[in-house]
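> Next one to model:
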Amino acid sequence: MAQFIQDMIDTDGFLEFTKHRAKVEDFLIGHKMYINQLTTKHGSMVKGFISIRDYYRFVFDRIRDGRTETEIEEDLTTSDRYQSLVKERPVLSKKAKGFSQDAKNVKLMSDILAAAFVCNICGARVDKKSMHLDHIIEKSKNGPATIANGQWLHPYCDSTAKRKLEVTEP
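You can find the predicted model right below:
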């Protein structure tokens, strides 16, 4: 992911990524099995990161072009590079005794994601350790420093994206 983000920065595409970040993250989380399969096939170190970076780009390009989750899944199956990926969901135990490890993992991930902080600019999840508290109505426009006038943002969305988006969007 770090290399994908660096590529976005190098090609001046990070603002465009920011506009679609939440959908990209949702797709990647919902299709984690594809990343696992790519890691198994290509490795998890230097030789494997390029295939995963390219997969991120593949997904981002399609989300940017307005394709739905189902359409992206279809694109993956028709791609020479990704047609071997298998959409698999964990089989959850229905036994009354004990939860399977897959069931525990699914429950943990869904609870964590449901409780995650979300950036008010891009709509993607933001880590509590890096989020910024920002004024909704800017201080320069007499926005008060009150709880009601506060919003959580990614550092990039706070420092750069919100200003660029104000200029480019009506």
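
> what separates stretch 21-37 from the chain centre, distance-wise?
The chain centroid and the centroid of stretch 21-37 are separated by 7 Å, computed with CA atoms, centre = their mean, to the nearest Å.

> what's the answer for stretch 120-133, then?
On CA atoms, centre = their mean, the centre of stretch 120-133 falls 12 Å from the chain's centre.

> same question, stretch 123-135
Remark: stretch 123-135 is offset 14 Å from the chain centroid, using CA atoms, centre = their mean.

> May I have the distance across it, first residue to last?
Using CA to CA, to the nearest Å, the gap from the first to the last residue of stretch 123-135 comes to 17 Å.

> where does the closest residue to Lys162 other than its chain neighbours fall, helix, sheet strand or coil?
When the adjacent residues along the chain are set aside, Lys162 lies closest to Ile121, with 5.4 Å between them (CB to CB, 6 or more residues apart in numbering). Using the backbone N, CA and C atoms, a C-beta is placed for each residue, glycine as well. Local secondary structure at Ile121 is given as coil here, using DSSP: H, G, I helix; E, B strand; the rest coil.

> Quick check: Ile121 touching Lys19?
No. In this structure, Ile121 is not within contact of Lys19 by CB atoms under 8 Å, at 9.5 Å.

> what touches both of these two?
Overlap of the contact sets of Ile121 and Lys19 (by CB atoms under 8 Å, 6 or more residues apart in numbering) consists of Leu165.

> Between these two, tell me which one has more neighbours.
Each of Ile121 and Lys19 had its neighbours counted (other CB atoms under 10 Å), and the higher figure belongs to Ile121 (22 against 18).

> can you pull the contacts of the residue nearest to Lys162?
The contact partners of Ile121, taken as CB under 8 Å, 6+ apart, are Thr18, Leu153, His154, Cys157, Asp158, Ala161, Lys162, Leu165.

> let's go with 10 Å and repeat that
Under the criterion of CB atoms under 10 Å, 6 or more residues apart in numbering, the contact list for Ile121 reads 18-19, 21, 134, 151-154, 156-158, 160-162, 165.
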